[in-house]
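# Quick one, what's the 3D model for this:
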Amino acid sequence: MESNDFPTLSTPQGPVPADAPHWNRQRSSAMPSHRYRSVHDRVDLPLTGRRWPEARLERAPLWVPVDLRDGNQSLAEPMDTVRKRRMFDLLVAMGFKEIEVAYPSASQTDFDFVRHLATSGAVPDDVTVSVFTPAKPDLIDRTFEAIEGLPHALVHLYTPTAPTWRDVVLHRSRAEILSLIHESATQMDRLAAARPGADIRFEFSPEVFILTEPDFILEICNSVTELWDASPDRPVVHNLPATVEVATPNIYADQIEYAHRNLDRRESVILSVHPHNDRGTGVACAELAVLAGAQRVEGCLFGNGERTGNVDLVTLALNLHAQGVDPMIDFSDIDTVRETVSECIKLPVHPRHPYGGDLVYTAFSGTHQDAISKGLAHHAERTDDLWEVPYLPIDPKDVGRTYEAVIRVNSQSGKGGIAHLLHTNYGLDLPQTMRADFSAIVQRATDASGTEFSPQQLWDHFRTTYLEPGTRGRITVTSLTTEEIATDKHRVTCTLSDDGAAPTTYEGLGNGPLSAFTAALAQAGIEVDIRGYTEHSTTTGPDSPAIAYVQCRIGDTLWWGAGQDTSVLTASVRAVVAAVNRAG
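As a prediction, this is how the structure comes out:
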């Protein structure tokens with residue numbers, strides 16, 4: 001590999017020196033790592049002057065979903081024709097223009113599905129159907145039999161080429177593998193030529209490309225390009241798969257760039273990649289491969305496939321979307337896509353799966369909730385359409401999600417998230433100090449229950465805490481009248497019932513109706529000092545209910561209360577009474 005000036009990451013060998021810093025005193029594990037070889041020791045790639053690190057992703061590659069072939073062969077219960085057709089229709093509706101649909105020679109079910117597509121009119125004129133075949137004469141014949149009548153077809157030929165596969169599986173030399181590929185490619189060319197009116201193109205995959213010698217890859221691919229007489233108007237697809245992911249993504253990128261720079265008739269070749277996810281970096285491999293010159297990516301929606309799966313096309317495409325690049329595929333209803341895929345393959349999508357999982361736009365953490373709530377409020381005030389909201393790389397509405405599920409409350413949540421849910425669901429805009437007061441109450445409740453609180457549960461807690469604080473209330477207002485007797489001078493006459501006692505009428509004076517009401521309370525022996533007050537409407541329109549929030553000092557303690565009514569004064573009086581009753 002090309003050398004560079006960066007240090008090599010390595011694990012200390014042998015005993016750790018006694019004077020090593022405490023953070024570096026690692027001990028050898030019991031893992032038998034000595035049994036494995038680095039890919040650097042298995043493949044020598046003569047690439048110099050790599051260019052992919054400076055490249056940028058500025059357009060979507062050609063997408064080819066292989067859910068119906070590669071994804072299907074990895075299922076415990078492979079799809080029947082009904083499920084396959086449902087998946088095919090979904091892929092067409094999303095905008096995929098080339099779809100690998102089957103391995104027709106592998107089973108009668110796969111063969112029958114290709115025939116179904118060929119005879120049912122299910123394939124739009126602008127969609128190419130791809131089918132997969134190994135390099136075996138009888139299976140190639142069966143594959144061409146299956147595609148009879150399809151308007152546009154691509155026949156995908158593969159054979160193992162890596163040393164271990166050649167030596168252990170096929171027991172053939174490089175020359176014998178090359179001869180096998182030539183025979184199969186010639187057979188395909190002859191069968192396609194026998195159908196002069198058909199649009200049939202070819203694809204070739206050297207299996208486990210990532211472990212095959214680079215010079216052998218070029219020898220095979222260039223000879224096949226020549227044999228099939230590829231041209232810009234009828235290009236050949238050379239698909240270079242990381243069939244088993246065995247190296248860091250930069251190694252795959254180097255290998256793809258080397259092929260990109262050395263393939264013959266490059267303008268007549270569509271360079272394709274097919275990463276798997278054995279190391280958990282399939283998405284990174286695909287992205288770096290496109291930077292390195294790949295034009296086409298094969299994968300599955302949500303990454304279904306053998307072992308740890310094929311590369312995930314949902315993540316790849318929406319990663320582009322999040323960088324301002326049109327993915328050219330419609331993910332505007334991600335929940336329908338996810339549900340359809342899950343029902344067809346009978347496997348769930350993880351709730352934390354990028355972009356499509358149930359919980360990926362949801363915050364439970366208090367600090368995250370506060371930042372998201374403020375970010376959404378800021379976004380609503382912007383004059384442009386740019387999306388810059390903390391913790392949300394894309395707008396959930398882009399993929400058909402609402403903001404209702406963005407913030408959810410449990411014991412990890414904070415005042416910002418709680419306030420956001422009360423605002424979005426019930427129109428409340430709690431004062432900052434009241435948010436902290438209510439957050440502590442909610443946290444005690446969620447800690448005790450160990451469960452999540454729904455917006456309805458939050459509202460019920462708010463109501464019973466601040467609006468209707470129990471039935472033990474000290475006072476009830478049975479009547480109230482106000483009178484402005486002079487500028488900045490008001491009189492309130494009210495009838496109060498104290499703990500169910502006979503109603504008594506009191507009178508108070510103040511510079512406003514609320515201060516006059518607290519003066520009347522003082523006449524009843526209830527000292528209330530209003531330290532904070534705010535009110536707002538909860539909906540739009542002239543008949544919108546008002547809600548008032550009042551912080552009162554009663555004795556030595558501050559108490560919040562709230563009141564609702566179409567009358568702002570009535571709401572305010574109810575808020576004061578609620579605070580008094582909470583102090584009880």
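
# Regarding the closest residue to residue 58 other than its chain neighbours, what is its secondary structure?
Among residues not flanking residue 58 along the chain, residue 325 sits closest, at 6.4 Å (C-beta to C-beta, 6 or more residues apart in numbering). (Each C-beta comes from the backbone N, C-alpha and C, glycine too.) Assigned with DSSP: H, G, I helix; E, B strand; the rest coil, residue 325 falls in the coil class.

# Just to confirm, what confidence does the model report for residue 325?
We note a pLDDT of 97 for residue 325 in this prediction.

# And residue 526, by the same measure?
For residue 526, the predicted pLDDT is 91.

# Do I have it right that it meets residue 494?
No - using C-beta atoms under 8 Å, residue 526 makes no contact with residue 494, being 11.7 Å away.

# Was I right to think the residue nearest to residue 58 contacts residue 287?
No - Residue 325 is not in contact with residue 287 according to C-beta under 8 Å; the separation is 11.4 Å.

# and for these two, which residues touch both?
Common contacts of residue 325 and residue 287 (C-beta atoms under 8 Å, 6 or more residues apart in numbering): residue 57.

# Could you name the helices and strands sitting against the helix or strand of the chain with the lowest mean pLDDT?
Least confident helix or strand, the chain: helix 415-426 with a mean of 80, by mean pLDDT, DSSP states H and E. Contacts defined by 3 or more C-beta pairs under 8 Å, 6 or more residues apart in numbering; DSSP states H and E place helix 415-426 against helix 366-381, helix 432-449, helix 455-462.

# Just the mean pLDDT for stretch 219-230, thanks.
Here the average pLDDT along stretch 219-230 is 98.

# Stretch 351-369 too?
In the prediction, stretch 351-369 has an average pLDDT of 84.

# Repeat that for stretch 492-509.
Per-region confidence: stretch 492-509 scores 88 on mean pLDDT.

# ok, the residue nearest the centre of the chain - contacts?
Centroid-nearest residue in the chain, with C-alpha atoms, centre = their mean: residue 355, separated by 1.3 Å. Shown in contact with residue 355 (C-beta under 8 Å, 6+ apart): 314-315, 318, 331, 334, 394, 399.

# I'd like the helices and strands packed on helix 415-426 laid out as TSV, including mean neighbour count.
Below are those laid out as TSV (neighbours: other C-beta atoms under 10 Å):
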stretch	mean neighbour count
helix 366-381	17
helix 432-449	16
helix 455-462	17
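
# With respect to residue 187, which of the ones you listed lies nearest?
With C-beta to C-beta as the criterion, residue 187 lies closest to helix 366-381 of the helices and strands packed on helix 415-426, at 58.7 Å.

# want to try a markdown table for the helices and strands packed on helix 415-426, with distance to residue 359 as columns?
Shown next, in a markdown table, are the helices and strands packed on helix 415-426 (distance: least, C-beta to C-beta, whole Å):
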| stretch | distance to residue 359 |
| --- | --- |
| helix 366-381 | 12 |
| helix 432-449 | 17 |
| helix 455-462 | 16 |
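
# which one of those lies closest to residue 533?
helix 432-449 (11.1 Å).

# which strands and helices sit next to the closest one?
helix 415-426, helix 455-462, strand 546-554, strand 557-565.

# okay, these in a markdown table with distance to residue 200 next?
Output for these, formatted as a markdown table (distance: least, C-beta to C-beta, whole Å):
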| stretch | distance to residue 200 |
| --- | --- |
| helix 415-426 | 55 |
| helix 455-462 | 57 |
| strand 546-554 | 70 |
| strand 557-565 | 71 |
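
# all strands of the stretch 1-150 of the chain, in order?
Ranges of strands within the stretch 1-150 of the chain are 62-65, 98-102, 128-134, based on DSSP state E, counting those that start in this stretch.

# winner for burial among these?
Mean neighbour counts were compared across those using mean count of other C-beta atoms under 10 Å; the top stretch is strand 98-102, at a mean of 26.

# What mean pLDDT does it get?
98.

# quick one: low-confidence parts of the stretch 301-450 of the chain?
For the stretch 301-450 of the chain, residues meeting the criterion pLDDT under 70 lie at 403-414.

# mind redoing it with 80?
Scanning the stretch 301-450 of the chain for pLDDT under 80 picks out 363-366, 369, 402-417, 420.

# can you pull out the helices in the stretch 251-400 of the chain?
Taking DSSP state H, counting those that start in this stretch, the helices of the stretch 251-400 of the chain run over residues 282-291, 313-322, 334-345, 366-381.

# quick check: angle from the least confident helix or strand of the chain to helix 455-462?
For helix 415-426 against helix 455-462, the angle by axes from the mean of the first three to the mean of the last three C-alpha atoms, to 10 degrees is 100 degrees.

# And for helix 415-426, what's in contact with it?
363-364, 366, 368-374, 376, 403-404, 407-409, 428-430, 435-436, 438-439, 442, 455, 458-459, 462, 538.

# in that helix, what counts as buried?
415-422, 424, 426 (16 or more other C-beta atoms under 10 Å).

# likewise stretch 508-523?
By neighbour count on 16+ other C-beta under 10 Å, the buried set for stretch 508-523 is 508, 510, 513-514, 516-521.

# and which of those residues is nearest to residue 293?
Among the buried residues of stretch 508-523, and counting by C-beta to C-beta, the member closest to residue 293 is residue 514, at 72.8 Å.

# Okay, that closest one and residue 62: tell me how far apart.
69 Å (C-beta to C-beta, to the nearest Å).

# Check the offset of the helix or strand hosting residue 509 from the chain's centre.
Using DSSP states H and E, residue 509 maps to strand 504-510. Offset of strand 504-510 from its chain centre (C-alpha atoms, centre = their mean, to the nearest Å): 61 Å.

# tell me what it is packed against?
Strand 504-510 packs on strand 489-498, helix 513-523, going by 3+ C-beta pairs under 8 Å, 6+ apart.
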